[in-house]
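> After the sequence you'll find the predicted model.
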Amino acid sequence: GTRDNGRRHVGEHDPGTRESSPVGEDAIAFIRSVPTVSYARRYDPSRRHVSAPDADAPSDDTTQDAADGTGHIPEAEWVRALDPQTLTAGRHALERIAPMIRLAGGPFFMGDETGDFADQRPRHEVWLDAFEIDKYEVTNRQFLMFVEATAYRTVAERRGWSYVFDFRSAQWIRKVGACWFNPLGTGGDHDPKSLDFRALLDHPVVHVSWNDAVAFCLWAGKRLPTEAEAEYAAKAGRIAPRYPWGERRRAGERFAANYWQGLFPRENSVADGFLTTAPFGSFPESSNGLCDLGGNVAEWCHDRYSADYYRLSRRDNPTGPGREESEPVLAPLLTITREKDGRYTVLHEEEEEPVERRCVRGGSFLSAENNGAAYRVGVRGWQPQTLSYQDLGFRAVRSIRER
């Protein structure tokens, strides 16, 4: 099988212990009851079109790479330009609805000698510093707070389309209008104030590129996890677990995660209760207190991807291959804009640009045993950093010394 869920353009010692208490049902209810914006300007579609920062500017990988080995995140110019009180208030508001789990760090073995894919080998020792990681994947509620505070526009919004999985044809399609607040790309006028989107506030944000995820992290004072941190978190203190939640895909009648039940792409019993994304807290947490490290949505990592990186990886706090060690891929530049009269303008229809491949971990609601089982702990994946998908989101981390 492959690890791309049908994507057509993709060739695709004592580990951490939990050091903070779990978030119980009362806390989950509290998070879901918090008003979306209590500190920032109200949503204004016209303002976003005239004053939104360039989607690529805060996300250039030199900004993210500057954190390598230091844990320090330099704020991009557009972040520094924000009103300091608004920025501080936004980060404090985010803390209320984005609990983090502290992981102790230390040595562990990364990779899997018995894995199905060559890029999982060799198994090698890695040492990590302590870090904090989001208990849940970043939700639409959190991303909306970021957008309302910064007027940010995602790559999918600016280009007018994103990848949506068509269950009828069992193919990924470029869907006009698909973006984080319109995940299916359905027709009509959509914005983050629509009732359809409000019903998804507690679902993980999707249709965000790597660039967009880095922009959110800069605003939040966090960063994307390295691939090593992602695997360390998924192992949850065990030596060589098969899944983030244990050794079996399910325990009795209860499902441990949101993934494809059946033979992808034609048979899905939806026995876990969710055809696409599930709200945070829908499935049990792993032994270190984290949720949805396997399934629901796949998650961006900081690192560039290289199939043989494990042979070259440094031992202490690895951050992935350098630019010269990672092969770029060609990604579409297609841009589709809707005019006031309802007609569409298509630009760069056949053009492509070379972009970096970025690591993706965890699998999604489209992952199944027969297409690579990306929800397994050691399975690696990648996507071009400028593209976005219906099943791809992220969570953020923070080095302990950043606080």
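Cool, the structure landed. Please read these numbers as outputs of a predicted model, since none were measured by experiment.

> Doesn't residue 336 belong to a strand?
Yes - using DSSP: H, G, I helix; E, B strand; the rest coil, the assignment for residue 336 is a strand.

> Around it, count how many other residues there are.
Residues contacting residue 336 under the criterion other Cβ atoms under 10 Å number 16. The way it works is simple: take the backbone N, C-alpha and C, and place the C-beta from them, glycine included.

> and what of residue 218?
23.

> what about stretch 197-217, distance to the chain center?
How far stretch 197-217 lies from its chain's middle: 8 Å, per Cα atoms, centre = their mean, to the nearest Å.

> One more: stretch 379-389?
In terms of Cα atoms, centre = their mean, the centre of stretch 379-389 is found 10 Å from the chain centre.

> Check stretch 167-180 too.
Put simply, stretch 167-180 sits 18 Å off its chain's centre (Cα atoms, centre = their mean).

> So for that stretch, what gets flagged as buried?
For stretch 167-180, the neighbour count (16 or more other Cβ atoms under 10 Å) marks 172, 174, 175, 176, 177, 178, 179, 180 as buried.

> Setting the sequence-adjacent residues aside, check what's closest to the fifth one.
Ranked by Cβ to Cβ, 6 or more residues apart in numbering and with sequence neighbours excluded, the top spatial neighbour of residue 177 is residue 185, at 4.8 Å.

> Tell me how far that neighbour lies from residue 100.
Distance of residue 185 to residue 100, given as Cβ to Cβ, to the nearest Å: 32 Å.

> quick revisit: turn the buried residues of stretch 167-180 into TSV, columns for pLDDT and distance to residue 130.
As requested, the buried residues of stretch 167-180 are exported to TSV (pLDDT from 0 to 100; distance: Cβ to Cβ, whole Å):
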residue	pLDDT	distance to residue 130
172	96	38
174	95	42
175	95	41
176	94	45
177	93	43
178	95	38
179	96	36
180	97	31
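
> JSON lines please, covering those residues and showing secondary structure and distance to residue 134.
Below are these laid out as JSON lines (DSSP: H, G, I helix; E, B strand; the rest coil; distance: Cβ to Cβ, whole Å):
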{"residue": "172", "secondary structure": "strand", "distance to residue 134": "27"}
{"residue": "174", "secondary structure": "strand", "distance to residue 134": "30"}
{"residue": "175", "secondary structure": "strand", "distance to residue 134": "28"}
{"residue": "176", "secondary structure": "strand", "distance to residue 134": "31"}
{"residue": "177", "secondary structure": "coil", "distance to residue 134": "28"}
{"residue": "178", "secondary structure": "coil", "distance to residue 134": "24"}
{"residue": "179", "secondary structure": "strand", "distance to residue 134": "22"}
{"residue": "180", "secondary structure": "coil", "distance to residue 134": "17"}
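
> Quickly name whichever of the residues you listed is closest to residue 305.
Closest to residue 305 out of the buried residues of stretch 167-180 is residue 172 (19.0 Å), distances taken as Cβ to Cβ.

> on that earlier part again, looking at the residue nearest to residue 177 now. What's its pLDDT?
pLDDT for residue 185: 90.

> which residues touch it?
161, 162, 164, 175, 176, 177, 178, 179 (Cβ atoms under 8 Å, 6 or more residues apart in numbering).

> mind checking which helix or strand of the chain has the lowest mean pLDDT?
Every helix and strand of the chain was ranked by mean pLDDT, DSSP states H and E. The lowest is helix 45-51, at a mean of 32.

> ok so, going back, my assumption is that the residue nearest to residue 177 lies in a strand; please confirm.
No - applying three-state DSSP, one finds residue 185 to be coil, outside a strand.
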